[in-house]
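In: Predicted model follows, preceded by the sequence.
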Amino acid sequence: MEKKKVLVVDDEENVRHLLRSMLGNKYTVLEAKDGEVAIDIARNQRPDIILMDIMMPNIDGYTACYTIKQDPATKTIPVVMVTAVGQELNKKLAQEMGADGYITKPFSLLELFNTVERFLANPE
């Protein structure tokens, strides 16, 4: 059985590396350094879930999430915002942009796995 694809979007390489090492045994991990690359990968490789940072250069996570959710080809891909900013306002804005979930850094391996598993088990 083919591994499910997780797209990790973060402008910090150490964060991408951490997520890849946490998820790489169970999933195929794709990486993007900003929202622009994330949109491109979402369209071309159709990941099963996207873990997206909010604060990034070029296109931020909110804009990238909104763009992915507006595109008929990618709108069903769950997008989980992964950010150090945990205020309610940010969560509300993330939901308005179409985000399906929200994880605040620092997070535990268990929290990350549970969130990814939840969306992969019930994509709708």
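Out: Right, received. Where do you want to start?

In: So what's the residue count around Leu30?
Out: When neighbours are defined as other Cβ atoms under 10 Å, Leu30 has 19 of them. For the C-beta atoms, the positions are set from N, CA and C on the backbone; glycine is no exception.

In: Can you pull the phi and psi angles for it?
Out: phi -100, psi 150 (degrees, to the nearest 10).

In: Please pull out the lowest mean pLDDT helix or strand from this structure.
Out: Least confident helix or strand, the chain: helix 88-96 with a mean of 86, by mean pLDDT, DSSP states H and E.

In: name the helices or strands packed onto it?
Out: helix 61-70, strand 101-104 (3 or more Cβ pairs under 8 Å, 6 or more residues apart in numbering; DSSP states H and E).

In: what's next to that helix, contact-wise?
Out: 54, 61-62, 65, 81, 83, 102 (Cβ atoms under 8 Å, 6 or more residues apart in numbering).

In: ditto for stretch 110-121
Out: With Cβ under 8 Å, 6+ apart as the contact definition, stretch 110-121 has outside contacts at 4, 6, 19, 22-23, 27, 48-49, 51, 78, 80, 100-101, 103.

In: And the buried ones among these, selectable in PyMOL?
Out: Here is the PyMOL command that selects the buried residues among those (16 or more other Cβ atoms under 10 Å):
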select buried, resi 6+19+22+23+27+48+49+51+78+80+100+101+103
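
In: which residue is nearest the middle of the protein?
Out: Centroid-nearest residue in the chain: Leu51, 1.6 Å away (criterion: Cα atoms, centre = their mean).

In: can you tell me which helix or strand that residue belongs to?
Out: Element membership for Leu51 (DSSP states H and E) is strand 49-52.

In: Restricting to C-alpha, output that strand in PDB.
Out: The C-alpha trace of strand 49-52 is given here as PDB (Å, rounded to 0.1, in the frame of the first residue of the first chain):
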ATOM      1  CA  ILE A  49      -2.900  16.500   4.100                       C
ATOM      2  CA  ILE A  50      -1.000  19.900   4.400                       C
ATOM      3  CA  LEU A  51       0.600  21.100   7.600                       C
ATOM      4  CA  MET A  52       1.100  24.800   7.000                       C
END
